[in-house]
Every structure is written in C-alpha cells, then in structure tokens.
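> Everything below, folded, please.
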Amino acid sequence: EVQLVESGGGLVQAGGSLRLPCAASGVSDVDYGIGWFRQAPGKEYEGVTCIIRSDYIYYGDSVKGGFTITRDNAKKTVYLQMNSLKPEGTAVYYCVATWGLGCAKDATDYWGEGAQVTVSS
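Numbering: from 1, shown residues only. Coordinates of the predicted model:
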C-alpha cells in the first residue's frame, strides 16, 4: 500500500521559511518520483517540484530560486524547503508519487492528504 504523509504545515509571515517533510512508503523508486503539488483557494493544482530518481529535479517557474526539494533515502522522506514565502504561496500542499518527467498532474498516481500552508502579509 502506498502511503504519502505530509507534515510541517502552518502559518508563516511573508518572507519567512517553512519545511514540509513527506514520509513515503510502498512506493517503487524505480517506477515513481516523489514531489509536491499545491492548490491555492479557487485555483487549479500546480506542480511545484518533483524529484525523479536521484538526478532529475523539476521546479515550477513560480518557485524557482525560492523552493528546494531534497531526499533522504535512509528515512524514505522527501523535504520541501520553502524560503522567502509570499502570500500567494498560501495553498494546500500535497505530496505525490509521479511517473513522468515535468511533474504533470496526469502522470501522478498517488496523493497525500495535504498540508495547509498560510502566508500572512
């Protein structure tokens, strides 16, 4: 059974930082990469970042330079480090298992329950 469990969400002031861990289990490292999507109020899902194998990382244009994804294989945990957060970063952040390059929604098979991140101005 695939399980993706996010933690670390919360309220942060604009300009602040937050780190979201995702504990992944039951996911084949060969078949899937792990990443993050987000959905802001009233908006579509957006691919934030995905790490495929150990040598390919995708970042969405809106987060380049501010967000970093890392992976701890021993702990089977993927981390989303978010720096210089802006109010438009307010969203539910979902940990996902994806089989394609580019962090595409239609190539994503598994979703966590989501973690709320609220950035106050």
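> Quick check, central residue of this structure?
The residue lying closest to the centre of the chain (CA atoms, centre = their mean) is W36, at 2.1 Å.
> Retrieve the pLDDT associated with the nearest residue to it once chain neighbours are set aside.
Leaving aside its sequence neighbours, W36 sits nearest to V48 (CB to CB, 6 or more residues apart in numbering; 4.3 Å). For the C-beta atoms, the positions are set from N, CA and C on the backbone; glycine is no exception. According to the predicted model, the pLDDT of V48 comes to 97.
> same question, D31
You'll see D31 listed with a pLDDT of 88.
> what are the bridge partners for L80, then?
L20, I69 (DSSP bridges).
> wait, A91
Here A91 sits in beta bridges with V117, going by DSSP bridges.
> what's near enough to touch it?
38-41, 43, 46, 117 (CB atoms under 8 Å, 6 or more residues apart in numbering).
> Check V92 too.
Taking CB under 8 Å, 6+ apart, we find V92 in contact with 38-39, 114-117.
> residues near the nearest residue to it once chain neighbours are set aside, how many?
In space, and not counting its chain neighbours, V92 is closest to G114: 4.2 Å by CB to CB, 6+ apart. The burial count assigned to G114 is 17, neighbours taken as other CB atoms under 10 Å.
> measure G114 to Q39 for me?
Distance check for G114 against Q39: by CB to CB, to the nearest Å, it reads 8 Å.
> Repeat that for D109.
The gap separating D109 from Q39 is 17 Å, by CB to CB.
> Now do the same contact list for the closest residue to Q81 other than its chain neighbours.
With CB to CB, 6+ apart as the measure, T68 is the residue that lies nearest to Q81, at 4.5 Å, once sequence neighbours are left out. Each residue near T68 by CB under 8 Å, 6+ apart is listed here: 49, 80-81, 83.
> who wins for most neighbours among those?
For the contacts of T68, neighbours were counted by other CB under 10 Å; the highest total belongs to L80, with 25 neighbours.
> wait, isn't it in contact with I57?
No. Here L80 does not reach I57: they are 11.7 Å apart, not a contact under CB atoms under 8 Å.
> Now do the strands in the chain.
Taking DSSP state E to define them, one finds strands in the chain at 3-6, 10-13, 18-25, 33-39, 45-52, 56-59, 67-72, 77-82, 91-98, 108-111, 115-120.
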